[in-house]
Structure formats: structure tokens, C-alpha cells
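Engineer: Okay, structure incoming, though there's no sequence with it:
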């Protein structure tokens, strides 16, 4: 019996992921359109609901209306649910439900979950799904309790308000979404380490990727030295590159903004260090801000664009081209400069297929950002180049930081940002998966010739 055409279209794991995310966005937009989702009890503009739903499902954090004042408790709960499902992964979430309900997974569902979680083998899917679910709930619960207690006893909020705000920000942070319930996001807590540090820690843990997080948790049960020696190359690359980028981002922010009266200039030096570290962590993947992004120096905005474009770890809640892609390309450049015939990293040789995938993902990302920036500049004539470029990179990398121009952009620009967020959340992942799944051996080789490079 011939399968329906739509069934054949989503048979590929990458295509199934695209359709699943699209359906989640549509469902979220329909829920947010309901009058009870808004504070004033009226139906919201469809473009606003689609933009908000896309930003939540793609765990970006860009918003055209204030989350805390525009949406009702129901609307905020819908956004929270979309963040959780989007960050966890639509196909991962669906696979986990199937596993919990029936106790088994069909082969096609195992393949889609394997592609999304970057599981190495079919036999690992069940273990990885349960590990991801347990880790997600444990981390969100732990940081939610810390933030709720701080809001309750540090700021005198009611138990209900403190609990909802604490867990909302914990889920948003671990899923690298950046949605906040305050009009100024976290600017009001910029000097409070009991708020900013837990949020930053949740963002970093969620941003390094589930494979790395699970491997680190398993390794913590062994002696520290033995665990480090058993780490995979992917984990070592992710941890090392993440640490370097956090330090570099902090140093960049402090160096360029130390005397800026609009950002960290008036702060004491401990406050400056805290703000610099927090902004560096958020620049990589999450849209929380504790300083005025619009007041940043142009050089800081450019540096932030680079950090946002790189993003976080693979198979997690972070966006960007991913730190391993950046590390592999950097290693390839270094090898070429040295004249090495192979790319070696941390005692391992990088496969040529991985180099091709890294180069493809990076160049496609650059093309998406440049193309979107050109369109945004055309339809948003009143905005500056650096603000438009910053917005485009933030949308593609699903970061959510903004110079404040999002609510003022015309409808065509919002549509472009919606497309960027969708591509950024799925594009590089889908492209890398598709390349890996389509890899095939050739039975012949064409004659070799070297064009002039450089």
C-alpha cells in the first residue's frame, strides 16, 4: 500500500523536525490569540502571536510586546510551555511521551530522536531521552527554588508571585530563551548575585548541550582526573571553547564598557565584574540583559554579534553555529597555517566530513545573516546599520538580545525575523543532520586539479 505524500515528506528525521516545530508554533499562536491570553481580554494581532510563539518555541526571547504586562497569567503559562517544549526539542519531547506511554519506540521515532539529540546509536536513544528529561527537570527545579526564595525573602513578594517568577525565569534560563517578566528584563537585579549568578549558571548548563551535560554528570561519579581522561573529544572541545569564550566575552565587555556612563561606568568594580560576566554568558545564547544594550559601544555590539553567532553547544538549547563548529574551523585554519596535512585536535584527527559540515554550517549562517540584514535595512530605513545587524544575528542565533528596535519594526521586518528565528533554531541542526544522513561512498574519483586559493 502506497503511503500518503505527506507521510513520505516527513519520513526523513530532519524534515520531521521542521514540520513538528512549525506545528508547535502554529498551535502556540492560536492559544495566544485567545482573548484570555492578554491582560486586557482582547484578541491579539496574529502577527504578534506568531512572532511571540516563534520566539518561544525557538527559545529566542525577542518580543514585540512586554511579556510581564501584556500577557495574562494564561498567556505567560502558554509561553512557558512553548519554551519548555521548544528547548527540550519537539521530537525529543514526542519520543519521550511515546516511551512513557507505550514503553517502546518505533524505528522512525527513534531515528528522529537520534538526529535531534545527536545520539550515537539507536540503542542509546531510550537512555538519552530519560537522561535528558531527568536532567532538565532537576536543573530547572533547583534553580527555580533558589530564585523563588530570593524573590520571596529578598524582595518581599507573595509566595505565589515568587514561585511563578522563580520557576518562569529558571525554565527560561535553562532553555536559553531569555524571556523575562519585567519590562526591563533583569536590569533591576543587575547588582544582585543571588539572581544573576543562578540565571547565568542555568544558561551555561543548558547551553553546553545535553550530550556534554550528561557526560559531565556521569563523569562526576568517578575521580576527577579519570573522568577528564575519559571525556569524548566533543565534550572536551565544548567545555574548553565555552570557557575561553566566557572569559573573552567578559574581558571584552569590561575593556570596552568600563567607563561607559550608560552601561557599567557608574558601577563599583565588583559590580562591573558581575555585570561583565553576566553579559558575556547571555551574549552566547540567552536574551536576558542586566544592562541597557542600546547604550553599548559600537565595538561592544560588534563583539557581541560574534559571540552570538558562535552560540553554545550542540544538541542543547543554545543557538548559533555552535562552539564545536567554531573550534573545528579554528583548528583547520591553524593546521593550514602550519602546513599540516591533517587537522589534529587534543590528540585526535578530525574527519574530513566533519570539516565539510562545519564549513557548510558556518557559511550558510553567514549567508542567512547577510541576506536578512540587507532585507531589514531595505524595509527599516529609520534604523541604524549596527542595530539592524545586531537584531539579525540575535534572531538567527536565537539569542534574544536587542537594542530595543524590535517593537518598532514594520511588519515585513518582523516576518524576516520570524524566518530567521526558525532557520536559526532548525537550519544548522537540520543541515548537519541531513549531510550526515546523506553521506555515501563513491565508486569512482574524478581527476584532481588545484585552483588558486587566496
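Structural biologist: Noted; the coordinates are in hand. Given the structure is predicted, the values throughout are model-derived calculations rather than measurements.

Engineer: only C-alpha atoms for contact and neighbour calcs from this point on.
Structural biologist: Will do.

Engineer: Poorly predicted segments of the stretch 51-200 of the chain, please.
Structural biologist: Confidence mapping of the stretch 51-200 of the chain against pLDDT under 70 gives the ranges 90-128.

Engineer: mind redoing it with 50?
Structural biologist: For the stretch 51-200 of the chain, residues meeting the criterion pLDDT under 50 lie at 91, 94-103, 105, 107, 120, 122.

Engineer: need the strands for it, in chain order.
Structural biologist: Taking DSSP state E, counting those that start in this stretch as the criterion, the stretch 51-200 of the chain contains no strands.

Engineer: Would you map the helices across it?
Structural biologist: Assigned by DSSP state H, counting those that start in this stretch, the stretch 51-200 of the chain shows helices spanning 67-70, 73-88, 90-102, 107-117, 125-155, 159-174, 193-207.

Engineer: Figure out which of those helices is closest to residue 372.
Structural biologist: Nearest to residue 372, of all these, is helix 73-88, at 23.1 Å by CA to CA.

Engineer: Against which helices or strands is that closest one packed?
Structural biologist: For helix 73-88, the packing partners by 3 or more CA pairs under 8 Å, 6 or more residues apart in numbering; DSSP states H and E come out as helix 13-33, helix 46-57, helix 159-174.

Engineer: What lies in contact with it?
Structural biologist: 21, 24, 28, 31-32, 36-38, 52-53, 56-59, 67-68, 93, 168, 171-172, 175-177, 316-317 (CA atoms under 8 Å, 6 or more residues apart in numbering).

Engineer: Pull the number of nearby residues for the closest residue to residue 59 other than its chain neighbours.
Structural biologist: Of all residues not flanking residue 59 in the chain, residue 177 sits nearest, at 4.1 Å (CA to CA, 6 or more residues apart in numbering). Each residue near residue 177 was counted by other CA atoms under 10 Å, and the total is 34.

Engineer: Let me see the backbone angles for residue 177.
Structural biologist: For residue 177, the backbone dihedrals (degrees, to the nearest 10) come out as phi -90, psi -40.

Engineer: That one contacts residue 56, doesn't it?
Structural biologist: Yes: at 6.8 Å, residue 177 counts as touching residue 56 under the criterion of CA atoms under 8 Å.

Engineer: Please compute how far stretch 367-385 lies from its chain's middle.
Structural biologist: Remark: stretch 367-385 is offset 22 Å from the chain centroid, using CA atoms, centre = their mean, to the nearest Å.

Engineer: One more: stretch 151-166?
Structural biologist: Its chain's C-alpha centre and that of stretch 151-166 lie 27 Å apart, by CA atoms, centre = their mean.

Engineer: Any idea how far apart the tips of that stretch sit?
Structural biologist: By CA to CA, to the nearest Å, the extent of stretch 151-166 from end to end equals 7 Å.

Engineer: Pull out the buried positions in that stretch.
Structural biologist: For stretch 151-166, the neighbour count (16 or more other CA atoms under 10 Å) marks 151-152, 157, 162-166 as buried.

Engineer: Repeat that for stretch 22-32.
Structural biologist: For stretch 22-32, by 16+ other CA under 10 Å, it's 22, 24-25, 28-29, 31-32.

Engineer: Which of those sits closest to residue 217?
Structural biologist: Nearest to residue 217 among the buried residues of stretch 22-32: residue 24, at 30.6 Å, using CA to CA.

Engineer: which residues does the closest residue to the closest one other than its chain neighbours contact?
Structural biologist: Take residue 24 and drop its neighbours on the chain: the residue closest to it by CA to CA, 6+ apart is residue 57, 7.2 Å away. Shown in contact with residue 57 (CA under 8 Å, 6+ apart): 21, 24-25, 82-87.

Engineer: show me what contacts residue 349?
Structural biologist: Neighbours of residue 349 in contact, by CA under 8 Å, 6+ apart: 342-343.

Engineer: Please report the distance of it from residue 328.
Structural biologist: Separation of residue 349 from residue 328 (CA to CA) stands at 11 Å.

Engineer: give me the number of residues near residue 239?
Structural biologist: 18.

Engineer: How about it, nearest residue that isn't a chain neighbour?
Structural biologist: In space, residue 239 comes closest to residue 208 once its chain neighbours are excluded; the distance is 7.5 Å by CA to CA, 6+ apart.

Engineer: what residues are up against the residue nearest the centre of the chain?
Structural biologist: For the chain, the residue nearest the mean C-alpha position is residue 318 (2.4 Å; CA atoms, centre = their mean). For residue 318, the contacting residues are 175-176, 206-209, 285-286, 311-312, 398-399, by CA under 8 Å, 6+ apart.

Engineer: need the buried residues of stretch 151-166 in a markdown table with distance to residue 129, can you?
Structural biologist: Listed next are the buried residues of stretch 151-166 as a markdown table, based on distance: CA to CA, whole Å:
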| residue | distance to residue 129 |
| --- | --- |
| 151 | 33 |
| 152 | 34 |
| 157 | 36 |
| 162 | 31 |
| 163 | 28 |
| 164 | 27 |
| 165 | 28 |
| 166 | 26 |
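
Engineer: give the contact list for residue 355.
Structural biologist: Each residue near residue 355 by CA under 8 Å, 6+ apart is listed here: 328-329, 332.

Engineer: thinking again about what came up before, please tell me which one of the contacts of residue 57 counts the most neighbours.
Structural biologist: Within the contacts of residue 57, neighbour counts (other CA under 10 Å) peak at residue 83, which reaches 32 neighbours.

Engineer: Next up, the contacts around the closest residue to that one other than its chain neighbours.
Structural biologist: Distances taken as CA to CA, 6+ apart put residue 56 closest to residue 83, at 4.9 Å, once the chain neighbours are dropped. Taking CA under 8 Å, 6+ apart, we find residue 56 in contact with 79-80, 82-83, 86, 177, 179.
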